[in-house]
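**Student:** next input, structure requested:
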Amino acid sequence: MAATGTSLAALKVGPSTTELREFDLPDIPSDAALLKVEIAGVCGTDVSQYKLPLRGAPLIMGHENVGYLAKVGRDFERLKGFKEGDLVFLEHYLPCGHCEWDHMGEYRHCAATEWFYDPTAIRYGYTAIDIKPSLWGGFSHYVYLPLNAVLHRVPKKLTPEEAGIATPMSNGVQWTIFDGAVGYGTSVLIQGPGQQGMCCAMAASQAGASLVIVTGTSRDARRLEVAKSMGAHHVIDVQKEDAFARVMEITEGRGVDASIDCTSGAGTAAVLFGIEATKRRGGTMVIQGEGNQTFPDFPIGRLTRKGMTLKSARGHSYRAVELGLQQLASHRFPLELLTTHRFGLAEVDYAIKSVGGEGAPGAIHVSVMPWK
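**Tutor:** Residues are numbered from 1 along each chain as shown. So this is what the prediction gives:
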């Protein structure tokens with residue numbers, strides 16, 4: 001299928017440096033498609049990755065992508081069930097399609113998606129433009145879709161901008177319900193009131209948690225207020241209160257069933273707090289963190305004596321995305337409080353910095369609208 005025209009994109013050309021560039025639209029073979037990007041969400045991972053040096057050629061960032069299928073090859077439509085005009089959410093994984101993980105819908109564990117260790121792996125938002133046809137990121141008018149692209153149909157009740165929350169919402173479902181085992185009658189501590197923490201709070205509340213506690217700093221005052229609308233029963237400013245004492249007071253000394261670390265820079269302090277705040281026997285802690293973070297004095301004895309389970313927060317499964325989209329489509333929570341800022345391609349640098357707290361104030365979920 002011959003394509004004509006160009007795609008304008010915001011190209012990362014160096015650490016914290018972006019420039020606009022046009023790319024020729026590629027021809028679309030019968031087993032591929034072209035996505036017209038409506039929304040590309042900006043997350044905390046973008047903030048950290050944007051600051052890093054290039055690993056090779058420049059790249060188009062943007063891995064939380066929602067858009068309409070502009071061109072669809074005949075075999076792509078036949079094999080995947082999507083047609084031109086469909087509004088879809090695109091996962092950032094491009095799996096091999098035949099390993100055991102892919103058969104389970106756990107694309108995050110597929111070796112073909114391990115971009116951090118394998119420079120030849122292709123993942124949306126992380127792949128250099130020297131791998132043709134270059135359109136591998138959502139900060140662009142168009143994104144190229146090979147047959148192994150993982151798509152989800154956006155429910156009719158969701159706008160593209162609301163569907164743009166699908167990635168953090170999927171993480172919230174995965175980390176809270178699947179990994180943290182939070183469900184009916186359980187209690188959970190969520191550290192960090194950013195978009196990931198908010199979505200964890202929504203997932204916990206929807207799953208029937210009897211107690212949801214969200215912590216943050218004084219800088220997060222507005223976010224903590226929003227968290228109350230997203231299912232949090234209690235919020236704690238860790239700079240104004242003794243957070244551990246407050247958790248013990250709220251839980252009458254029992255601690256919580258699960259703790260989820262969604263902080264961006266608390267590091268070992270968040271881990272230690274989560275371990276101590278979790279109940280004495282059988283609790284679960286889910287943590288995320290940078291690969292170079294060290295913990296030379298990890299309290300393994302404390303963890304084992306409490307019979308705790310420690311899990312890593314690493315992406316999401318196919319099922320978590322489907323449930324996350326259903327959760328958003330229910331409109332049980334005021335999503336307009338999360339979708340705080342919108343920027344065009346020329347403002348991608350500012351959009352990323354806003355999520356990192358260096359740009360527009362009050363940012364929670366930031367959307368790049370390539371056609372704005």
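**Student:** and the helices in the protein?
**Tutor:** Assigned by DSSP state H, the helices in the chain fall at 44-50, 74-80, 100-103, 160-163, 166-172, 195-206, 221-229, 243-250, 268-277, 300-305, 318-330, 348-355.
**Student:** the nearest residue to Ser134 once chain neighbours are set aside and Val368, how far apart?
**Tutor:** In space, and not counting its chain neighbours, Ser134 is closest to Phe23: 5.4 Å by C-beta to C-beta, 6 or more residues apart in numbering. For glycine as for every other residue, the C-beta is placed from the backbone atoms N, C-alpha and C. Computed as C-beta to C-beta, to the nearest Å, the Phe23 to Val368 distance reads 17 Å.
**Student:** now do Gln326
**Tutor:** 25 Å.
**Student:** of those two, who's got more company?
**Tutor:** Using other C-beta atoms under 10 Å as the criterion, Gln326 and Val368 rank with Val368 on top: 29 against 15.
**Student:** low-confidence stretches in the stretch 151-300 of the chain?
**Tutor:** Across the stretch 151-300 of the chain, the stretches falling below the confidence threshold (pLDDT under 70) are 265-266, 289-293.
**Student:** circling back to that earlier point, give the contact list for the residue nearest to Ser134.
**Tutor:** 6-7, 9, 129, 133-135, 140 (C-beta atoms under 8 Å, 6 or more residues apart in numbering).
**Student:** mind giving me TSV with those residues and columns for distance to Arg281 and neighbour count?
**Tutor:** What follows is the contacts of Phe23, written out as TSV (distance: C-beta to C-beta, whole Å; neighbours: other C-beta atoms under 10 Å):
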residue	distance to Arg281	neighbour count
Thr6	61	13
Ser7	55	24
Ala9	52	32
Ile129	52	20
Pro133	54	19
Ser134	53	23
Leu135	51	25
Ser140	50	29
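**Student:** which two from those end up farthest apart in space?
**Tutor:** Thr6 and Ile129 (13.8 Å; C-beta to C-beta).
**Student:** what residues sit buried inside stretch 192-208?
**Tutor:** 192-207 (16 or more other C-beta atoms under 10 Å).
**Student:** residues in contact with stretch 123-130?
**Tutor:** 11, 23, 46, 49, 54-65, 90-94, 113, 115, 121, 136-138, 143.
**Student:** so which of these belong to strands?
**Tutor:** Mapping the contacts of stretch 123-130 onto strands (DSSP state E) picks out 11, 23, 59-60, 64-65, 90, 143.
**Student:** out of those residues, who's nearest Thr340?
**Tutor:** Nearest to Thr340 out of the ones in strands among the contacts of stretch 123-130 is Glu64 (C-beta to C-beta; 14.9 Å).
**Student:** partner residues bridging the closest one?
**Tutor:** Per DSSP bridges, the residues bridged to Glu64 are Gly41.
**Student:** touching, it and Gly41? I think so.
**Tutor:** Yes: contact status for Glu64 versus Gly41: in contact at 3.3 Å, counting by C-beta atoms under 8 Å.
**Student:** identify the contacts common to these two.
**Tutor:** 164, 167-168.
**Student:** ok, and the most crowded of those residues?
**Tutor:** With neighbours taken as other C-beta under 10 Å, the top of these is Gly164, carrying 32 neighbours.
**Student:** what's the closest non-adjacent residue to that residue?
**Tutor:** Of all residues not flanking Gly164 in the chain, Ile39 sits nearest, at 3.9 Å (C-beta to C-beta, 6+ apart).
**Student:** what about that neighbour, neighbour count?
**Tutor:** Using other C-beta under 10 Å, Ile39 has 25 neighbouring residues.
**Student:** okay but it is in contact with Tyr68, surely?
**Tutor:** No: counting by C-beta under 8 Å, Ile39 does not reach Tyr68; the two are 10.8 Å apart.
**Student:** overlap of the contact sets of the two?
**Tutor:** Contact criterion C-beta under 8 Å, 6+ apart; no residue bridges Ile39 and Tyr68 by contacting each.
**Student:** domain map for this protein?
**Tutor:** What automatic domain parsing lists as the domains of the chain is 6-165+338-368, 168-312.
**Student:** identify whichever of those domains lies nearest to Val321.
**Tutor:** Among the domains of the chain, domain 168-312 comes nearest to Val321, with 4.4 Å by C-beta to C-beta.
**Student:** which residues touch Trp115?
**Tutor:** Each residue near Trp115 by C-beta under 8 Å, 6+ apart is listed here: 121-123, 126-127.
**Student:** from those residues, which is closest to Glu77?
**Tutor:** For the contacts of Trp115, the nearest to Glu77 is Ile122 (21.9 Å; C-beta to C-beta).
**Student:** and the residue lying closest to that closest one once chain neighbours are set aside, how far is that from Gly315?
**Tutor:** Residue nearest to Ile122 in three dimensions, not counting chain neighbours: Leu94, with 4.7 Å by C-beta to C-beta, 6+ apart. When distance is defined by C-beta to C-beta, Leu94 is 13 Å away from Gly315.
**Student:** these two: which has the busier surroundings?
**Tutor:** Leu94 (24 against 20).
**Student:** so what pLDDT did the more buried one get?
**Tutor:** Listed pLDDT for Leu94 reads 95.
**Student:** what residues of stretch 325-337 count as buried?
**Tutor:** 325, 327-328, 333, 335, 337.
**Student:** apologies, that question was intended for stretch 210-223.
**Tutor:** Buried positions in stretch 210-223, judged by neighbour count with 16+ other C-beta under 10 Å: 211-217, 220, 222-223.
**Student:** please apply the same query to stretch 53-60.
**Tutor:** Quick answer for stretch 53-60 (16+ other C-beta under 10 Å): 58-60.
**Student:** gap between it and the chain center?
**Tutor:** Relative to its chain's centre, stretch 53-60 lies at 21 Å (C-alpha atoms, centre = their mean, to the nearest Å).
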